[in-house]
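S.K.: Here is my input; please provide its structure:
(chains A and B)
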Number of protein chains: 2
Amino acid sequence: MDLEASPLALPFPDMPAIAGVTLRIARAGYKDWGRCDLTYVEVAEGTTAAGVFTKNVCCSTEVELGREQVKAGTARGLVVNAGNSNAFTGYRGREAVEQIMGQVAENLGCAPSEVFVSSTGVIGVPLPRDKARDGVAAVLDAAPCSWEDAARTISTTDTFPKGALAQAVVDGRTVTLAAIIKGSGMIAPDMATMLGYIFTDATVEPGFLQQMLSAANIDTFNCITIDSDTSTSDTVLAFATGKAGNAPLASFDSPGADAFFAALHDVCRQLAQLVVRDGEGAQKFITIDVTGAVSDESARRIGLAIANSPLVKTAIAGEDANWGRVVMAIGKAGEPADRDKLSIGFGGVWCARDGLPLADYDEAPVAAHLKGLEIDIWVDLGLGSGRATVWTCDLTHGYIAINADYRS
Amino acid sequence: MDLEASPLALPFPDMPAIAGVTLRIARAGYKDWGRCDLTYVEVAEGTTAAGVFTKNVCCSTEVELGREQVKAGTARGLVVNAGNSNAFTGYRGREAVEQIMGQVAENLGCAPSEVFVSSTGVIGVPLPRDKARDGVAAVLDAAPCSWEDAARTISTTDTFPKGALAQAVVDGRTVTLAAIIKGSGMIAPDMATMLGYIFTDATVEPGFLQQMLSAANIDTFNCITIDSDTSTSDTVLAFATGKAGNAPLASFDSPGADAFFAALHDVCRQLAQLVVRDGEGAQKFITIDVTGAVSDESARRIGLAIANSPLVKTAIAGEDANWGRVVMAIGKAGEPADRDKLSIGFGGVWCARDGLPLADYDEAPVAAHLKGLEIDIWVDLGLGSGRATVWTCDLTHGYIAINADYRS
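M.R.: Residues are numbered from 1 along each chain as shown, chains lettered A, B, ... in the order given. You can find the predicted model right below:
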């Protein structure tokens, strides 16, 4: 299926090489796509790794293995298969992943457990081992490629390649974070069909890298939703090659750790928002700011209830400032809320305050705001100081067209 | 908006009068609809009442009052306003409801608390008191009407009128239950924008009527979902006039109580399924049977996760037996599940058993089944004896068209 680029697409950033990271792509032919579908990233010896994964109980072999691999916290390679998720494929799927790990490990002279594998695409069809073997052989021989090429190759139904960049000064040295991500449907907190990879030349102890990635995950990847569906394969991995030569970051007490965490968090937020910008059928990028909740977690749940409401999402698609549907979504979240303390606004204009529609509510600026590509919804619960920001997109005919047709 | 009748519509049943129940309709003009929009049901002195209501925290005044009224358990009248839900309207909304209760109570010579009011339609606009006053005055003078007329008058975006009928023999007498319901969007467990009314000539103590209605609610109204959204106004009320003259049903030990409960349960299931058959944009009626869960409640939650998954619903709309999306939905439910014990089938044919796609899976009969109007999904978790059946509909372009355009 050829899809037009999302109207919310951002241009691919100009991204520098990261010392200790080499990208390559090849064609394994998992699907009849006529494009590269296998991405290989070689990382230098001494690279540390961390990851966050889907909470879907029916997760893929790749996710099961990845959870174990990040405990060891070292990496030498990453292989990403596009077109086949290898999920729900039992022992045959597992054999295919182990074959890939072994083949790359032999080439690098490392342990198979230092080779990470991700797969994305249709569920329930074992990854074909012969195609994987030939694909990996080809990619090991391929010339290095650009970030943008790699971003395109890990994609499936994505309509534009997605990259993000940040820098920080640590221990007197500038360290760089470069990242790519794919994903556009089946996206909800706990990671959805989203595969993201963050690479940095900083030196970071693996336990602290994991701590920072898990912390950044809470208010970035876990605050986006496209359709409330959560993929069986979602993964975000971070790799730190240590080539910048800074004194290792080991905890938030290490000099420069705050700056590095800020850069990592920034990259995670950029990546998360890019996924929403490519939400299947998305025509509008929606930011929901929830304040006044009893806790931050309560605010996040309320924000997600709004963001996942089909009636709110279709109202935005229809450019309708239907705050009644927002009230409904708040009420169904199951979190503390008091109808008579609730305030709701669009585009910086309150429509209702303290449980009552505003008598002097001027719909004109709100209507103009709703015609734009970037929609802001404000919700104040009037109960406490809990707050969260959640990002989503509208629900359009495009979503139906993509998902009632897409298959295997 | 003029909508074509759902392809899943059922003809309105031939429903007899219930002794002690008189239906009337009138035009209050809440919206510019050119049809009746106010329904009034007078019930005989001595009528007992019970109700189940939305769990939406931001519920309407009507729901707040209704919860109190059913505690007293007696009724003389019911008024249903269509076109304005009166939800999120503060004290002005409450005054309008109290005005209606007072006006009807004065006419009947009863307490205002014996007059139930429901309202359905746009949220956030106080019910206009002048229109309500004139509408109630007109309806008190109107001639009695049929069940089908009343079913049409309580409707909003419904595409066909919905009624259900059942009978039971209690204490040697045949008692009858006749019911009407409206609702098609914003439907999820905990009652959605669904207004249902059940009337019987049986004699039933109010506490036991409530007990039976609450019990029937669990595996009927709470097992349907259209779009996961839960209205602020949903209500199902049951009224028992006692005109059949049976010895009062007071508990499940009363002779005939089992038979009456079976009939009540049957009516509730019919009503619930009718709502799904009129799901906004629905083209297929989907029955999801979940077995082998660790408990019935776990089975229900898994069934609802499947039924609420936009990716499953769009796959069915696309007539695609995409069991991988069913696996994904099971995994995201957060309930106990083991990928390697999972079995999934469509239309009576297993596609995957014990965590593996079936080698000899014949897609032809499944593809034929998917082309029909009534779709069956089987899920066996292989863990325990918990089971549930959940009903939903597919997600189509029709849903988007209705909800991106519908407003105030």
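S.K.: what's downstream of the strand ranked longest in chain A, the next helix or strand?
M.R.: Longest strand in chain A by number of residues (criterion: DSSP state E): strand A:38-53. Going down the chain from strand A:38-53, the next helix or strand is helix A:61-72, by DSSP states H and E.
S.K.: Name the residues that touch that following helix?
M.R.: Helix A:61-72 has contacts (Cβ atoms under 8 Å, 6 or more residues apart in numbering or on different chains) with A:49-51, A:53-54, A:75, A:86-87, A:89, A:93-94, A:97, A:101, A:113-114, A:116-119, A:206, A:210, A:232-235, A:237. Backbone N, C-alpha and C define where each C-beta goes, glycine included.
S.K.: Separate out the buried members of those.
M.R.: Among the contacts of helix A:61-72, those buried by neighbour count (16 or more other Cβ atoms under 10 Å in any protein chain shown) are A:49-51, A:53-54, A:75, A:86-87, A:89, A:93-94, A:97, A:101, A:113-114, A:116-119, A:206, A:210, A:232-235, A:237.
S.K.: Just the residues you listed: which are in helices?
M.R.: With helices defined by DSSP state H, the entries of the buried ones among the contacts of helix A:61-72 inside them are A:93, A:94, A:97, A:101, A:206, A:210.
S.K.: elements contacting the helix ranked longest in chain A?
M.R.: Longest helix in chain A by number of residues (criterion: DSSP H): helix A:257-277. Secondary-structure packing of helix A:257-277 (3 or more Cβ pairs under 8 Å, 6 or more residues apart in numbering or on different chains; DSSP states H and E): strand A:162-170, strand A:173-182, strand A:195-200, helix A:206-218, strand A:235-240, strand A:285-293, strand A:386-393.
S.K.: Kindly confirm my reading that residue A:368 is in a helix.
M.R.: Yes - when DSSP: H, G, I helix; E, B strand; the rest coil is applied, residue A:368 is found to be in a helix.
S.K.: roughly how far apart are it and residue A:154?
M.R.: The spacing between residue A:368 and residue A:154, counted by Cβ to Cβ, to the nearest Å, is 38 Å.
S.K.: go on, residue A:137?
M.R.: The span separating residue A:137 from residue A:154 equals 19 Å under the rule Cβ to Cβ.
S.K.: Chain B: which of the ones in helices among the buried ones among the contacts of helix A:61-72 is nearest?
M.R.: Closest approach between these and chain B, by Cβ to the nearest Cβ: residue A:93, at 9.6 Å.
S.K.: Let me see the contact set for the most centrally placed residue in chain A.
M.R.: Centroid-nearest residue in chain A: residue A:272, 4.5 Å away (criterion: Cα atoms, centre = their mean). Shown in contact with residue A:272 (Cβ under 8 Å, 6+ apart): A:220, A:221, A:223, A:224, A:391.
S.K.: Likewise for residue A:278?
M.R.: Counting by Cβ under 8 Å, 6+ apart, residue A:278 touches A:6, A:8, A:9, A:158, A:159, A:160, A:162, A:183, A:184.
S.K.: repeat that for 10 Å
M.R.: A:3, A:5-6, A:8-10, A:155, A:157-162, A:181-185, A:187, A:226, A:393 (Cβ atoms under 10 Å, 6 or more residues apart in numbering or on different chains).
S.K.: Phi first, then psi, for it.
M.R.: When read as degrees, to the nearest 10, the backbone of residue A:278 gives phi -110, psi 20.
S.K.: where does it land on pLDDT?
M.R.: You'll see residue A:278 listed with a pLDDT of 91.
S.K.: Distance-wise, check it relative to chain B.
M.R.: Distance of residue A:278 to chain B, computed by Cβ to the nearest Cβ, to the nearest Å: 16 Å.
S.K.: Could you do residue A:314 as well?
M.R.: Distance of residue A:314 to chain B, computed by Cβ to the nearest Cβ: 4 Å.
S.K.: so what's the nearest residue to that residue once chain neighbours are set aside up against?
M.R.: Of all residues not flanking residue A:314 in the chain, residue B:403 sits nearest, at 3.6 Å (Cβ to Cβ, 6 or more residues apart in numbering or on different chains). By Cβ under 10 Å, 6+ apart, the contact set of residue B:403 is A:310-315, A:317-318, A:320, A:322, A:325, A:395, B:157, B:185-186, B:227, B:229, B:280-281.
S.K.: Which of those fall within helices?
M.R.: Mapping the contacts of residue B:403 onto helices (DSSP H) picks out A:310, A:311, A:312, A:313, A:314, A:315, A:317, A:325.
S.K.: Tell me which two in those residues are the farthest apart.
M.R.: By the measure Cβ to Cβ, A:317 and A:325 form the most distant pair in the ones in helices among the contacts of residue B:403, at 11.9 Å.
S.K.: More neighbours: which of those two?
M.R.: Applying other Cβ atoms under 10 Å in any protein chain shown to residue A:317 and residue A:325 shows that residue A:325 carries more neighbours, namely 28 against 23.
S.K.: Residue A:61: neighbouring residues, count only.
M.R.: For residue A:61, using other Cβ under 10 Å, the count is 26.
S.K.: so how far is residue B:337 from it?
M.R.: Counting by Cβ to Cβ, the gap from residue A:61 to residue B:337 is 16 Å.
S.K.: measure the residue in the stretch 1-150 of chain A positioned nearest to chain B to residue A:400 for me?
M.R.: Closest contact between the stretch 1-150 of chain A and chain B, by Cβ to the nearest Cβ, is at residue A:123 (2.7 Å). In this structure, residue A:123 and residue A:400 are 20 Å apart, going by Cβ to Cβ.
S.K.: And residue A:51, by the same measure?
M.R.: 33 Å.
S.K.: and if you look at residue A:241?
M.R.: Between residue A:241 and residue A:400 the distance is 43 Å, computed by Cβ to Cβ.
S.K.: do residue A:34 as well
M.R.: Applying Cβ to Cβ to residue A:34 and residue A:400 gives a distance of 27 Å.
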